[in-house]
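S.K.: give the three-dimensional model of this entry:
(one chain, ligands or ions: 1)
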Amino acid sequence: MTDRSPLAEPPTEPLIEVADAVVSYRVKGKGRFVAVHGVDLEVHPGEIVGIVGESGCGKSSLARALVGINKLSGGSIRFKGEPVTPLPIRRRPARLVPLQMVFQDPYASLNPRRRITQQLEEVWNSAARARGERRTAEERLADITDVLERVGLDPALRTRYPHALSGGQRQRIAIAKALLAKPNVIVADEPISALDASSQKHVGDLLRRLVDDLQIGMVIISHDLAVVATIADRTAVMRAGVFVEQGPTERVWTAPEHPYTRELLGAVPALVGREG
Ligand SMILES: Nc1ncnc2c1ncn2[C@@H]1O[C@H](COP(=O)(O)OP(=O)(O)OP(=O)(O)O)[C@@H](O)[C@H]1O
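M.R.: Numbering: from 1, shown residues only. So this is what the prediction gives:
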């Protein structure tokens, strides 16, 4: 658990600025259902912000809006000062390429019929194309080898198909895919919930290391307060589409202000501290 006092570090420009964001869905015969009711959030370089709350509270709806998959019904989301425009991946402007998402189920974001290497090459190609860069196959291989090493995988694994990897290895590949886009921000929706306990710890430590080493901003969504408490600098507690409180993780954990946070804390058996 970390508590980086705002006085301890110089202020930075936020990478992500969310102001009064509203996400709603059209539900047949029932009008619109509002899943996110006007939330405010900032994400700075080198910072992990955890968003925690029970299933159905609106976490994924907000996460998808942060990267431009969901359209906002109100408010605004800015990435490096520019609005996040909801467009299909292929039509995303180059300025949004460094805004990446990692999903809970890495199987869903990996094609089971293609070798890992082909999938990483496609991501690299589309990021280079979006940026208008002309680069060589040697540079591509060097970048792919570099990200695989960075996520703690043997680069030789790239010749495998997804089914020949463990759950933890697949999630590392999903993180490597995001890194190939040279991200400034990664939004990770339940990135470790589906993993066994030992992989949870390793992937959690990896995410923290990436944020510290690359000074990216990260948003981690989880229903599990203990997961967020071990790696997030700041925590926002979400209930029924609103943040009931947000603050430094240490403070939220030790002196929760809202009864709902206390309720969530009561359901956590024990906190295992983050190493390093
Ligand atoms: N496409 C959609 N159409 C209509 N309602 C939706 C849609 N997607 C989500 N919802 C509803 O919005 C609410 C918030 O869902 P969301 O997936 O954002 O919550 P969550 O906190 O991420 O939950 P979970 O952890 O179960 O995914 C839920 O009531 C859900 O049923």
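S.K.: burial measure for the residue of the stretch 151-276 of the chain found nearest the ligand, as a count.
M.R.: For the stretch 151-276 of the chain, the nearest residue to the ligand under the criterion C-beta to the nearest ligand atom is His223, separated by 5.4 Å. Backbone N, C-alpha and C define where each C-beta goes, glycine included. For His223, the number of neighbouring residues by other C-beta atoms under 10 Å comes to 17.
S.K.: so how far is the lowest-mean-pLDDT helix or strand in the chain from its chain's centroid?
M.R.: Each helix and strand of the chain was given a mean pLDDT (mean pLDDT, DSSP states H and E); the minimum falls on helix 106-109 at a mean of 72. In terms of C-alpha atoms, centre = their mean, to the nearest Å, the gap separating the centre of helix 106-109 from the centre of its chain is 15 Å.
S.K.: for stretch 126-138, same thing?
M.R.: Here stretch 126-138 is found 24 Å from its chain centre; the criterion is C-alpha atoms, centre = their mean.
S.K.: re earlier: what about the least confident helix or strand of the chain and the ligand, touching?
M.R.: No: on the criterion C-beta under 6 Å from any ligand atom, helix 106-109 is out of touch with the ligand, staying 12.9 Å away.
S.K.: bridged to the closest residue to Gln246 other than its chain neighbours, which residues?
M.R.: Among residues not flanking Gln246 along the chain, Ala236 sits closest, at 3.7 Å (C-beta to C-beta, 6 or more residues apart in numbering). As for beta bridges, Ala236 partners with Ile51, Gln246 under DSSP bridges.
S.K.: next SSE after the least confident helix or strand of the chain?
M.R.: Read in the C-terminal direction, the helix or strand following helix 106-109 is helix 116-130, with elements assigned using DSSP states H and E.
S.K.: any buried residues in that next one, and which?
M.R.: If you call a residue buried by 16 or more other C-beta atoms under 10 Å, then helix 116-130 has these buried ones: 116-117, 119-121, 123-124, 126-128, 130.
S.K.: number of nearby residues for Arg134?
M.R.: 8.
S.K.: which residues of this structure lie near the ligand?
M.R.: 25, 27, 33, 35, 53, 55-61, 223.
S.K.: so how far is Ser199 from Gln169?
M.R.: 9 Å (C-beta to C-beta, to the nearest Å).
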